[in-house]
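I need the structure of the sequence given here:
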Amino acid sequence: MRNRDVEELNLLEYKFLGKGNNGAVYLMPGNKAIKICNVVDSCAGEAEILEYVNGNNYFPKIYEYGGNYIVRDFVDGVCFRDYIKKNGLSEDLAEKLIELLKEFKKLKFKKQDVRCKDIYILKDGNLMIIDPKGFLNKKRNYPRHLCKGLDTFGCLEVFLEVLKKRERGLYVRWIDSLLEDREERAKEYLALMK
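Below is the predicted model of the structure:
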């Protein structure tokens, strides 16, 4: 991958798409996006994951990176978090989430989790991950953040019902972890109330 100094780029020429905790994203010609990261290490970690999965349908293709920037495919879709907030979670979408999480296992990710805000629903209905973080080095054996987000928007029950029907083994494994996690959070909350 060809690297260039970010100073060579005139970001005023590109359409600003958004800003998050890790940086800002701009639309480039050729249906590409450039992400300018706040922290170089975070940029390197994201680039490492995108290179590892390059060509996988659940992740944007990476073209180049260097220092504090990444050039990748532009992900044209709707943020999953915004979608379920407005529309809820259908069985079909729950099944797509399950397939996404099974793909994480196939890719040998240590982290079997993703936040709702980092999933996009494409125009064709497929899912894509933006801002991949910690998949290769952070251990998490169940989708904790995903379940938390689904619960926030009243969609966790639908997800768990579909999971129970389609992937019984995953359901049993994840429900135990989910219940343990909730119990731990309840204890922490009670301790704060004393």
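
Break the protein down into its structural domains.
Residue ranges for each domain of the chain read 6-73, 77-173, as given by automatic domain parsing.

Find the residue ranges of this protein scoring beneath the pLDDT cut-off.
1-8 (pLDDT under 70).

returning to that earlier point: can you add mean neighbour count and give the domains of the chain back as TSV?
Yep, even glycine has a C-beta here, placed from its N, CA and C like the rest. Shown next, in TSV, are these (neighbours: other C-beta atoms under 10 Å):
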stretch	mean neighbour count
domain 6-73	16
domain 77-173	17
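
who does the helix or strand containing Leu17 touch, helix- and strand-wise?
Per DSSP states H and E: Leu17 is located in strand 15-19. Counting contacts by 3 or more C-beta pairs under 8 Å, 6 or more residues apart in numbering; DSSP states H and E, strand 15-19 is packed against strand 23-28.

Which neighbours in the sheet does the next helix or strand after the strand it packs on have, and how are they oriented?
Next helix or strand after strand 23-28 toward the C-terminus (DSSP H and E): strand 32-37. Paired neighbours of strand 32-37 in the sheet (DSSP bridges): strand 23-28 (antiparallel), strand 69-73 (antiparallel).

would you put the C-alpha positions of the shortest one in PDB?
The C-alpha trace of strand 69-73 is given here as PDB (Å, rounded to 0.1, in the frame of the first residue of the first chain):
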ATOM      1  CA  TYR A  69      -5.000   8.200   8.000                       C
ATOM      2  CA  ILE A  70      -6.700   5.300   6.200                       C
ATOM      3  CA  VAL A  71      -8.200   5.300   2.700                       C
ATOM      4  CA  ARG A  72     -10.900   2.700   2.300                       C
ATOM      5  CA  ASP A  73     -14.200   2.100   0.400                       C
END
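
follow-up on the earlier one: can you redo the domains of the chain as JSON lines with distance to Lys194?
Below are the domains of the chain laid out as JSON lines (distance: least, C-beta to C-beta, whole Å):
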{"stretch": "domain 6-73", "distance to Lys194": "32"}
{"stretch": "domain 77-173", "distance to Lys194": "24"}
